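Novice: What follows is a predicted protein model with its sequence.
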Amino acid sequence: MIHIGTKNEDVMEFSRENLLSRRGFCLCCVGGAAFTAAGGWLTPRQAFAEARGLVSLIKDSAAVSPIVTHKLRNNISVFEGSGGNIGVLTGPDGKVLIDAGIGVSRPQITTALAALGTEPVTHLVNTHWHFDHADGNEWLHTAGAKIIAQENTRKHLSEIQRVEDWDYNFLPLRPGGIPSEVFASEHSLKLNVASIGLKHYGPAHTDSDISVTFGEANIVHVGDTFWNGIYPFIDYSTGGSIDGMIAASDANLAATTKDTIIIPGHGKPVSNKAELKEFRDMLVAIRDNVAKLKRQGKSRDETVAAKPTAAFDAKWGQFVIDPGFFTRLVYQGV
Ligand SMILES: [Zn+2]
């Protein structure tokens, strides 16, 4: 069960079980699925109803999804199967996780971690505040992880977070799940002989996104600034925008070479600069198409009907953010 409503006092009445449940879905999936299920854009109240059903759906799905481990190089791997892609660095200092996935995946993630070695998880970095990247914070903290993030991630995980498009209030995480070490712009760590650089993008997919770079290994986890082969979600409610996504893509291109292994937030988890460039060019082309229609005075629905994404839909429109939903996200920002 999940809270549907707008008043904070209603939210506060919720039990601990409900508080956990309300984290049981991802923003990205709710928006896309809500749009698709109704064959059109939902009113906020209709979207609630869809979201309520999706909570159990996505939790149930994550609970039974296997975790697939992709070994990269220099003791760095990526886990696929629990919300966003999870980076893992192993070594004598303890395991370092980049993102926490969804809490109900704990048994599968525990097994996958054990297969990489016996050392405990000592550090967890959140690439941004979204549920499908930070819901596992609570159990990983209990297991011994110190949680590090950009300061806006701590802010959003500490407060009731209102997502205006769905008239929806997210409750804060328990204190243990809140990042205990935060930074504004940049931060560096040296763990397991790896130099780890954390860097804030500025407003992009949200206002809390960071890249995590493993220097010697030439691997970078770019969080949800890159969705590999699928249209991305953009969270305007916490500072995201299409122009911010494009700026982040340009920063990612400037920071990588053809030999860099790039871990995207969603989509095929082992990627490269060529795929990233294709993603960036898709964003720019669709932004230009949508901006042109908006300048001609077309409404949001008229712009969707004009299919400004048509040339890209076969490749990019096959996931939860479908062409109509993505067009609306872009329209909002141009
Ligand atoms: Zn996200």
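Specialist: All right, it came through fine. Nothing here was measured: the structure is a model prediction, and the numbers come from that model. Residues are numbered from 1 along each chain as shown.
Novice: quick one, phi psi at Thr213?
Specialist: Main-chain dihedrals, Thr213, degrees, to the nearest 10: phi -110, psi 130.
Novice: Tell me where this protein has helices.
Specialist: Here the chain has its helices, by DSSP state H, at 8-12, 16-22, 27-38, 44-64, 106-114, 131-134, 137-142, 151-158, 242-254, 273-295, 300-305, 313-316, 323-333.
Novice: Tally up the residues packed near the closest residue to His205 other than its chain neighbours, please.
Specialist: Closest residue to His205 apart from its sequence neighbours, by C-beta to C-beta, 6 or more residues apart in numbering: Asp224 at 4.2 Å. In short, each C-beta sits where N, CA and C put it, glycine included. Asp224: 29 surrounding residues under other C-beta atoms under 10 Å.
Novice: now do Pro66
Specialist: With other C-beta under 10 Å as criterion, Pro66 counts 12.
Novice: ditto for Lys294
Specialist: Lys294, neighbours per other C-beta under 10 Å, totals 18.
Novice: and the nearest residue to it once chain neighbours are set aside, what is it in contact with?
Specialist: Take Lys294 and drop its neighbours on the chain: the residue closest to it by C-beta to C-beta, 6+ apart is Val334, 5.6 Å away. By C-beta atoms under 8 Å, 6 or more residues apart in numbering, the contact set of Val334 is 242, 287, 290-291, 294.
Novice: Check the offset of stretch 145-163 from the chain's centre.
Specialist: Chain-centre distance of stretch 145-163: 13 Å, with C-alpha atoms, centre = their mean, to the nearest Å.
Novice: Then stretch 199-217?
Specialist: Using C-alpha atoms, centre = their mean, the distance from the centre of stretch 199-217 to the centre of the chain it belongs to is 12 Å.
Novice: Local confidence estimate at the residue of the chain positioned farthest from its centre?
Specialist: Seen from the C-alpha centroid of the chain, the residue lying at the greatest distance (C-alpha atoms, centre = their mean) is Gln296, 33.1 Å away. For Gln296, the model assigns a pLDDT of 97.
Novice: Go ahead and confirm Ala217 touches Ser77.
Specialist: No - the pair Ala217 and Ser77 fails to qualify as a contact (C-beta atoms under 8 Å) at a distance of 11.1 Å.
Novice: Between those two, which has more neighbouring residues?
Specialist: Using other C-beta under 10 Å as the criterion, Ala217 and Ser77 rank with Ser77 on top: 21 against 18.
Novice: any idea how far the more buried one is from the ion?
Specialist: Ser77 sits at a distance of 21 Å from the ion (criterion: C-beta to the ion, to the nearest Å).
Novice: So which residue is dead centre in the chain?
Specialist: Nearest to the mean C-alpha position of the chain, counting by C-alpha atoms, centre = their mean, stands Asp224 at 4.6 Å.
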